[in-house]
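> This is the structure alone, sequence omitted:
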């Protein structure tokens, strides 16, 4: 007997959703090729191959699923992982990150759609913990000698040199991670996903408004360093990940706002490279609770506003408390222990909880 829904859209299944995400990311792949040629392409191919192989092998061995590679999620994870890395990241580290992203970000949660955390960011944090020297070194971002197509003035007709340079940087630049070479193309990809209704406007709008607005309320806010392209990439393609984000609109607005606020706190707390990664993963952990707090009113029942405000207050307090805890761990270089705890938790959860649902489904 098949389960509901009995009527399904022909182009609304997971494969078509992932295909749209891949289409939205393709312009960034092209920008990476223009910037660093095959240096960037090899890393994308290595990550994609390792992610696909891990998905196929472990989905079959652990989940008894034999068609998982066809959904396209492994390719999306591999692309997003590479887009957070330098183009000269050693290939074996990229392979390790791709395997960790699929195995510990997807498979051990039970497969596609069941993950509580964004798999690509899980893979990146595994790389940061197990290869800390390389991932935090300035040398990995010294990519000038590898540039294939240098940035140039794309608006020579403008009389204002500053405006011409600024607009050119929005369209194409060669510094930063592989997904940060074109703010315009990131925005174009996000706009495509909005048009295709693969993401909603709630999370991006709330996140960007709170993040950029927060710097207006502090002295010398313009002096803090962060990547606008990196923030936009995380906002449009990672914070909006459906399985790890809230399910209702008010929850999405709150979720986006808190990611923006937490990322802001991490930046003023001197978290240099991981501010968006930490913020998104932290709010991933509260996603289910946010959906519960902001769940729509049940038909026929009155909404207790006082109780909801109380729940939101304690939820916000919990998120800010965890933010300060992560800041403290980062300051003392102890974030790696969170990854070790995560590994232990997810392995135990899989062995003693999820595996029982496979062997004893009824």
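The structure has been received and is ready for your questions. It should be emphasised that the depicted structure is a prediction, and the values quoted were computed from it without experimental measurement.

> for stretch 326-333, what is the average pLDDT?
Across stretch 326-333, pLDDT averages out at 94.

> Just list the residues touching the most centrally placed residue in the chain, thanks.
Geometric centre of the chain, nearest residue: residue 238, 2.8 Å, by CA atoms, centre = their mean. Residue 238 makes contacts with 80, 118, 120, 121, 276, 280, as judged by CB atoms under 8 Å, 6 or more residues apart in numbering. C-beta here means a position set from N, CA and C on the backbone, and glycine is covered the same way.

> one more time with 6 Å
118, 280 (CB atoms under 6 Å, 6 or more residues apart in numbering).

> Can you check the pLDDT for it?
Reading off the model, residue 238 has pLDDT 97.

> What's the separation between it and residue 175?
Noted for residue 238: a distance of 21 Å to residue 175, by CB to CB, to the nearest Å.

> Also residue 44?
For residue 44 relative to residue 175 (CB to CB), the value is 19 Å.

> Look at the two and report which has more neighbours.
residue 44 (21 against 16; other CB atoms under 10 Å).

> If we ignore the residues flanking it in sequence, what's nearest residue 322?
Distances taken as CB to CB, 6 or more residues apart in numbering place residue 282 nearest to residue 322, at 5.9 Å, with adjacent residues excluded.

> any idea how far residue 251 is from the one you found?
Residue 282 is 16 Å from residue 251, by CB to CB.

> who's more crowded, the two?
residue 251 (23 against 20).

> Wait, the more buried one touches residue 290, no?
Yes - the pair residue 251 / residue 290 is scored as a contact, 4.7 Å apart, by CB atoms under 6 Å.

> low-confidence ranges in the stretch 51-200 of the chain?
Low-confidence segments of the stretch 51-200 of the chain (pLDDT under 70): none present.

> Give me the contacts around the helix or strand where residue 134 lies.
Residue 134 is located in helix 132-135, with elements delineated by DSSP states H and E. With CB under 6 Å, 6+ apart as the test, helix 132-135 has contacts from 127, 128, 140.

> Likewise for stretch 47-60?
Outside stretch 47-60, the residues touching it (CB under 6 Å, 6+ apart) are 65-66, 68-69, 74-75, 77-78, 81-82, 94-95, 98-99, 102-103, 107.

> Could you do stretch 81-99 as well?
36, 39-40, 43-44, 46-47, 50-51, 54, 78, 101, 120, 123-124, 127, 131, 140-141, 143, 146, 177-179.

> count of neighbours near residue 76?
With other CB under 10 Å as criterion, residue 76 counts 24.

> ok, and the closest non-adjacent residue to it?
In space, residue 76 is closest to residue 21, 5.1 Å off (CB to CB, 6+ apart).

> now swap in residue 14 and tell me
That would be residue 71: by CB to CB, 6+ apart, it lies 4.7 Å from residue 14.

> how deep is the one you found tucked in, by neighbour count?
22.

> next one: residue 304
For residue 304, the neighbour count with other CB under 10 Å is 11.

> Also residue 285?
Neighbour tally, residue 285, other CB under 10 Å: 14.

> just residue 170 next, same as before
Neighbour tally, residue 170, other CB under 10 Å: 16.

> Distance from the chain centre to the strand or helix carrying residue 253, please.
Assessed by DSSP H and E, residue 253 sits inside helix 249-268. Chain-centre distance of helix 249-268: 14 Å, with CA atoms, centre = their mean, to the nearest Å.
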